[in-house]
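Trainee: Below are the sequence and a predicted model for it; my questions follow.
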Amino acid sequence: ETGVTQTPRHLVMGMTNKKSLKCEQHLGHNAMYWYKQSAKKPLELMFVYNFKEQTENNSVPSRFSPECPNSSHLFLHLHTLQPEDSALYLCASRQSRLAGNEQFFGPGTRLTVL
Amino acid sequence: AQSVTQLDSQVPVFEEAPVELRCNYSSSVSVYLFWYVQYPNQGLQLLLKYLSGSTLVKGINGFEAEFNKSQTSFHLRKPSVHISDTAEYFCAVSPNTNAGKSTFGDGTTLTVKP
């Protein structure tokens, strides 16, 4: 595997379910991000991790719980979601040691909450 | 804080015609500027970036962009588009004091018609 991978690619869940999204980067980067992309809305930054430490939480509801066990893996644990949480969830990584480095994105998980 | 405005939400153009996608930004500090492209069912990928130096930046797939500090703009251009350029394009800005925190524009949908 190369780049940034995300699993699953598609997820349908009920409002009472608990599920997790997984992201893995094979680029040796030290920063990882979760974004939410909804139709007709700008890309929303949710969480940022640098060297496994959370450095940004953009006022995300507690029903979204991130976990970063190491610099290569990032999870987003989901529980008691709402239908408005249906969106494309994108993971990205970046090498933060060099200024101006861009983010590398995974293909996303398309989440539908019924 | 910084903000990004993509002036056109949709740009339809015929194949082999030139195209310009417009991006204006505001920031109280110096910034790095990026253009990303998102093809259907994929994550974002970098087209080009401006960090410093020459204001004309060349990227992949024949795209280029010009940084204009006085007008705080970073417009994306291509002299002749192909059907395969149909995608969503995002302009992003990062402060050079915290290059990992990008602010994205709302996106411009480029549709290339035969």
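Mentor: Yep, it's here.

Trainee: Show me which residues of chain B are close to chain A?
Mentor: Neighbours of chain A within chain B, by CB under 8 Å from any CB of the partner chain: B:32, B:34, B:36, B:41-46, B:49, B:51, B:90, B:94, B:96, B:99-102, B:104-107. The way it works is simple: take the backbone N, C-alpha and C, and place the C-beta from them, glycine included.

Trainee: Could you pull up the residues touching B:Lys69?
Mentor: Listed by CB atoms under 8 Å, 6 or more residues apart in numbering or on different chains, the contact set of B:Lys69 reads B:Thr55.

Trainee: Same question for B:Asn96.
Mentor: Listed by CB under 8 Å, 6+ apart, the contact partners of B:Asn96 are A:99-100, B:29-32.

Trainee: switch to 7 Å and redo it
Mentor: Under the criterion of CB atoms under 7 Å, 6 or more residues apart in numbering or on different chains, the contact partners of B:Asn96 comprise A:99, B:29-32.

Trainee: By neighbours, which of the residues you listed wins?
Mentor: Among those, B:Val31 has the most neighbours (other CB atoms under 10 Å in any protein chain shown), with 26 neighbours.

Trainee: Provide a list of residues in contact with it.
Mentor: B:2, B:25, B:93-96.

Trainee: which residue ranges form the strands in chain A?
Mentor: Shown for chain A, the strands assigned by DSSP state E span residues A:4-7, A:10-13, A:18-25, A:31-37, A:44-50, A:53-57, A:64-70, A:73-79, A:87-94, A:104-105, A:109-113.
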